[in-house]
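Participant: I would like to see how this sequence folds:
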Amino acid sequence: FLWSNGDSTQTLTNPSAGFYVVKVTDTSTNCSTNDSVKVTYKASPSFYLGSDRVLCGTNSVLLNAGTFTNGTYLWTNNSTIQTFAINTSGTYWAKITDTINSCYGTDTVVVKISALPKISLAKNQSGCSGTSFTLDPGGSNGFNYLWNNNDTNRIQTPTSSGLFSVTVTDTNNCSNNTSSNITVYPSPTVNLGKDTNLCDGRSLLLSVGNPSYSVLWSNNSTSPAISAKSSGSYSVSATQSGCTSKDTVQVTFNAIPVVNLGSKSSICSNDTLTLDAGNIGSKFKWSVGDTTQKLSISKTGFYLVTVT
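Facilitator: Okay, the predicted model is just below:
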């Protein structure tokens, strides 16, 4: 065999368009003959349905085979129009046939419908100052998280009021979002002061400071302030917006020292008189400046002692 394009095979496979002549020679007789053929290719419809894709949630995609004059359409579901709306996962093909030369072209695309990430946060949360909230929208390994404070961790632990929202993207690049509104109520400020020592006969005013608090004292009083007149431990709890603070103070009343120097005393000249303030272990201050318990005097006068 000898073809006009130089090939020497019996057949030509997928030859280019053109005019071909073949010479066939019988090797036993050396006789030969020629034949010719014209090869013409008719153009097949060409179109592209796009790349394989993933759709998120309830989204859909409209596949479009394009406009082809003198063509007929056939889709996977036997539809015969130019477009095909897809909202379920699957492999979809289209075929366009040229009604003039009967040639056709096909294309196939894979569509996957992926559910949105399942996430949730409590819509509203509240607590008292010092409360640490835990916000975990859920999800799986490989998910990406982006909070409205630009943090990319899955879990947030806010301690202040605000709206916290997060966008979660799964491995199919499908995203969902959720949010939680956090309200932090301030706890009442209660300070009864340091433990206090007072002398008998006095009193100490104890107050929570803010009259709007709901108050309960250890003596069951519900007044914003009480007067402490006896020794003991005084505690109070103050509540506002469901938040409670407590404080305790120890109040001690001490007995006033009893001092008796007598009313009047007389002594002879050149004699001395000892005045004893008693109350061993106390502090003493005499009107003449001495700081001892006992004072020896030899002069006429008025003598005063303060015992603490």
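
Participant: First-to-last residue distance for stretch 228-247?
Facilitator: Here the two ends of stretch 228-247 are set 15 Å apart, with distance taken as Cα to Cα, to the nearest Å.

Participant: again, but for stretch 261-272
Facilitator: Distance between the two ends of stretch 261-272: 15 Å, counting by Cα to Cα.

Participant: Likewise for stretch 96-115?
Facilitator: Length of stretch 96-115, first residue to last, Cα to Cα: 33 Å.

Participant: S282: what's it in contact with?
Facilitator: Counting by Cβ atoms under 8 Å, 6 or more residues apart in numbering, S282 makes contact with 257, 293, 307-308. C-beta: built from backbone N, CA, C; applies to glycine.

Participant: which among those end up buried?
Facilitator: Buried residues within the contacts of S282, defined by neighbour count using 16 or more other Cβ atoms under 10 Å: Q293.

Participant: now, which of the contacts of S282 sits nearest C268?
Facilitator: Closest to C268 out of the contacts of S282 is Q293 (24.8 Å), distances taken as Cβ to Cβ.

Participant: which ones are touching the residue nearest to T83 when sequence neighbours are not counted?
Facilitator: Beyond its immediate neighbours in the sequence, the residue positioned closest to T83 (Cβ to Cβ, 6 or more residues apart in numbering) is N64, lying 4.9 Å away. Counting by Cβ under 8 Å, 6+ apart, N64 touches 49, 82-83.

Participant: Give me the distance between N64 and D151.
Facilitator: Relative to D151, N64 is positioned 41 Å away (Cβ to Cβ, to the nearest Å).

Participant: Need phi/psi at the residue nearest to T83.
Facilitator: The phi and psi torsions at N64 (degrees, to the nearest 10) take the values phi -130, psi 120.

Participant: Which pLDDT value belongs to it?
Facilitator: Reading off the confidence values, N64 has pLDDT 96.

Participant: for the one 10 residues further on, same thing?
Facilitator: Among the per-residue scores, L74 holds a pLDDT of 97.

Participant: what's around P224, how many residues?
Facilitator: The burial count assigned to P224 is 18, neighbours taken as other Cβ atoms under 10 Å.
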